[in-house]
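[1] for reference, the sequence and a predicted model appear below.
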Amino acid sequence: MRMLRKIWPVGLLSLAVLAGCRQDMHNQPRFKPLAESDFYSDLRSSRTPVEGTVARGQLREDTYFYTGKVGNNPGEVMPFPVTAEVLARGRQRYNIYCAPCHSRVGDGNGFIPSRGFPRTPPSFHIERLRKAPIGYFFDVMTNGFGIMQDYSAQVPPRDRWDIAAYIRALQLSQSAAASDIPAGQKVPSVAPVFEEPGSGATLPVVQIATPEHGEPKAAGPKEEKP
Amino acid sequence: MQIFHRSTNTLSRATIFGAAFLVAVLLWGILELQRSPYITYAGVARPQPAPFSHQHHVAGLGIDCRYCHTSVENSSFAGIPPTKTCMNCHSQIWTNAPMLEPVRESFRSGKSLVWNRVNDLPDFVYFNHSIHINKGVGCNTCHGPVDRMPLMYNHASLQMEWCLDCHRHPEKNLRPRDQVFNMRYEQPSSDTPVEVDGKTYTDQLALGQDLVKKYKLRTVTDITSCSTCHR
């Protein structure tokens, strides 16, 4: 027992010493991205550029590329050639940022509005939007429209154009006639059911009942408690 | 004449071995403690200004990681969404929920929400999200089943031995790039084959070794050298 009594203080002391030398190196007094700072009055370490300054590579000379407008009217053309890569990227970005509300086929029946939005977004396949110039979609993504907030912070301009191109592709695909399909190509008559997401988050589970209080109970994959 | 009783022979032996044993146990205890959630906080949910549930937003609603963590693919930092991202939806749904009052207050006043950082590496470690994403390390490889976390906690210990486990054997964890954000991805097995470039894999090692080549990973010597992470 005497042994124990001798070792315990040593053990405790070494623990205390170890704990003591830990934090200085772990938490260095420098700015980490988006971390709090007590130096500035708004407590933000991330600063906005000084007014009137332009960071290298951010001079927005190409007005059409950044606004989608010619004068005050939405433009009709893509600012760069549309390739298969552009559409693939547009599809990927569309499924991340737009599909939650607009749905993967663009009919406006996305999952989020069904949870209690006052109204659902319009389908991309209505006459007005099918006739809308491509710059219009870019402008809506950049500045928002109605209850849709702008996505200029979440989606960079190049991706917004890719998405606009993909929306056009969706519009064409949803109003295509059998004669538009190249000879020899087979197209399924029913839209594929997304059971397994190729990428992106887990697909929402299907709701079966809505209790009176709180959120609807979900059915589907078992939810494990961590 | 014997001064000591015969039993002291046993006693002395017991004390010597006992002391060695005690020291060993103490050392082991310290090492275990150092790896335990008591130190690493692994699995311990942190209090947040609003009880944001990744489970609800990811598994329940199907929102992609990148909807909020916009810079994860091309920056060292995954990005904490600005309050406006919350308000994209919450200006329309749950607009009166008391739980969301801190969010609305932040949006009204323009003051940032102060989230408590969960996955916090020591500052002497250089870490870059984008390189991991682009080399085929899935989000949940490090962050765990985020789609089943009602409150955020760190899944891994975030200790150096844990980093090195993967840096020494990257092929054990790589997956195709288009599956990086898939929270339900499963490593290839005979039940869940994975197809890449027309080739079907049923074995993680085979897939991993091919992906190491395909994504041009640096050699293990390179990615385990000190200055890769401590620069």
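    Perfect, thanks for sending it. Nothing here was measured: the structure is a model prediction, and the numbers come from that model. Residues are numbered from 1 along each chain as shown, chains lettered A, B, ... in the order given.

[2] quick check: closest non-adjacent residue to residue B:200.
    Closest residue to residue B:200 apart from its sequence neighbours, by C-beta to C-beta, 6 or more residues apart in numbering or on different chains: residue B:193 at 5.0 Å. Just so you know, the C-beta spots here come from the backbone N, C-alpha and C atoms, and that holds for glycine as well.

[3] residue B:203 versus the one you found, what's the distance?
    Remark: distance between residue B:193 and residue B:203 (C-beta to C-beta, to the nearest Å) = 10 Å.

[4] tell me the phi and psi of residue B:213?
    With angles defined as degrees, to the nearest 10, residue B:213 sits at phi -70, psi -50.

[5] what's the burial count for it?
    By other C-beta atoms under 10 Å in any protein chain shown, the residues close to residue B:213 number 9.

[6] quick one: contacts of stretch A:174-185?
    A:105-107, A:124-125, A:130, A:172, A:187 (C-beta atoms under 8 Å, 6 or more residues apart in numbering or on different chains).

[7] I meant to write stretch A:39-59 there.
    Outside of stretch A:39-59, the residues within contact range by C-beta under 8 Å, 6+ apart are A:31-37, B:111-112.

[8] quick one: average confidence on the longest helix belonging to chain B?
    Counting residues, the longest helix in chain B under DSSP state H turns out to be helix B:7-35. Averaging pLDDT along helix B:7-35 gives 93.

[9] what does the next helix or strand after it contact?
    Downstream of helix B:7-35, the next assigned helix or strand under DSSP states H and E is helix B:37-40. With C-beta under 8 Å, 6+ apart as the test, helix B:37-40 has contacts from B:33, B:43-44, B:154, B:157-159.

[10] how close does the residue nearest the centre of chain A get to residue B:173?
    Nearest residue to the geometric centre of chain A (C-alpha atoms, centre = their mean): residue A:97, 3.5 Å. As judged by C-beta to C-beta, residue A:97 and residue B:173 stand 28 Å apart.

[11] what of residue A:128?
    For residue A:128 relative to residue B:173 (C-beta to C-beta), the value is 49 Å.

[12] more neighbours: which of these two?
    The residue with more neighbours, out of residue A:128 and residue B:173, is residue B:173; 18 against 8, by other C-beta under 10 Å.

[13] pretty sure that one is in contact with residue B:139, am I right?
    No: the criterion here is C-beta atoms under 8 Å, and residue B:173 misses it with residue B:139 at 11.9 Å.

[14] flag the shaky bits of chain A, pLDDT-wise.
    Applying pLDDT under 70 to chain A picks out residues A:1-6, A:16-22, A:189-226.

[15] quick one, strands of it?
    A:69-70, A:73-74, A:207-209, A:217-218 (DSSP state E).

[16] circling back to that earlier point, need the nearest residue in space to the residue nearest to the centre of chain A, chain neighbours excluded.
    Excluding the flanking residues, the one nearest residue A:97 by C-beta to C-beta, 6+ apart is residue A:155, at 5.5 Å.

[17] pLDDT value on the residue nearest to residue B:200, please?
    Among the per-residue scores, residue B:193 holds a pLDDT of 90.

[18] contacts only, for it.
    Counting by C-beta under 8 Å, 6+ apart, residue B:193 has contacts B:200-202.

[19] and chain B, what are its domains?
    B:10-38, B:121-229 (automatic domain parsing).

[20] how about TSV for those domains, with distance to residue B:95 added?
    As requested, the domains of chain B are exported to TSV (distance: least, C-beta to C-beta, whole Å):
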stretch	distance to residue B:95
domain B:10-38	37
domain B:121-229	22
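
[21] most tightly packed of those domains?
    Ranked by mean neighbour count, the domains of chain B are led by domain B:121-229 with a mean of 16 (mean count of other C-beta atoms under 10 Å in any protein chain shown).

[22] ends of that one, how far apart?
    Taking C-alpha to C-alpha, to the nearest Å, domain B:121-229 runs 11 Å from one end to the other.

[23] swap in stretch A:38-50?
    Stretch A:38-50 stretches 20 Å from its first residue to its last (C-alpha to C-alpha).
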